[in-house]
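In: requesting a structural model of the entry that follows:
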Amino acid sequence: MTLLVVACVVGLGVGFGMRQVRGEGPASAPRSLESVRRARVLTTPPTLDGELHPDEWPQDPESTIRIDRAEQCIPERRARWKGAADASLVAHIAVDDQALWLGISVTDDVEFPPGEPWWGGDGIELFLHAAPPRVGPPPTDLEADAYGDDDWQIFLMP
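Out: Purely as a prediction, here's the structure:
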C-alpha cells in the first residue's frame, strides 16, 4: 500500500503556513511535522452534501489539521491576523481504494480575491507526498526541502 502524506497551507488573506520561499512563487514545502498528516483509511466514502458529519470525519489527530493560531501564520503577516474568526480552517484527510477525500471547513471574514500574482488571494495550498514509506535514516534538511517526482502541489481557490 502506498503511504499518502498531506501537508496543508492556507492563504486566507493573512497567509497561514510554515514558511514562504524567498522571492517569487507560492510557499515551499512545510518543515514542521505539525503540518503533516496521514490519510485515514475509509471503508465507505463520505457523503458529499456540503456538511462535515462527525461520524464520517472524526476529530482524529492523525488525519485532521487545524490552522487557527497566530504562530501558524507566515511571520510577516502574523500582525494582520485577528483570530480564528478572521481566518482559520479544519481539514480532514481520508483515502479509500478509489479516491483521496478532503473535508475542509474554512472560516474567513473577508474575501481576498486573487490578484497578481495569482497565488496572492484566498486559497488552500496542498502538498501531497505519495511515496512508499522511507526506509533508513531520516532525510537531511536539503532532502526534506526538495520536491521529487512523487510530490504534488495543488491550489484550491474560490
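
In: would you mind measuring from the residue lying farthest from the centre of the chain to E143?
Out: For the chain, the largest distance from the centre (C-alpha atoms, centre = their mean) belongs to G136, which lies 26.4 Å off. For G136, the distance to E143 equals 11 Å [C-beta to C-beta, to the nearest Å]. To be clear about C-beta, it is placed using only N, CA and C from the backbone, and glycine gets the same treatment.

In: just for this protein, where's the confidence low?
Out: Applying pLDDT under 70 to the chain flags the ranges 1-35, 114-116, 118, 144-145.

In: could you pull out the helices for it?
Out: 141-145 (DSSP state H).

In: gap between D49 and S105?
Out: Distance from D49 to S105, by C-beta to C-beta: 13 Å.

In: which one of the two has more residues nearby?
Out: S105 (12 against 7; other C-beta atoms under 10 Å).

In: now do the closest residue to the more buried one other than its chain neighbours: how many residues are near it, please.
Out: Closest residue to S105 apart from its sequence neighbours, by C-beta to C-beta, 6 or more residues apart in numbering: V90 at 4.9 Å. As a burial measure, V90 scores 17 neighbours (other C-beta under 10 Å).

In: equivalent analysis for R40, please.
Out: 17.
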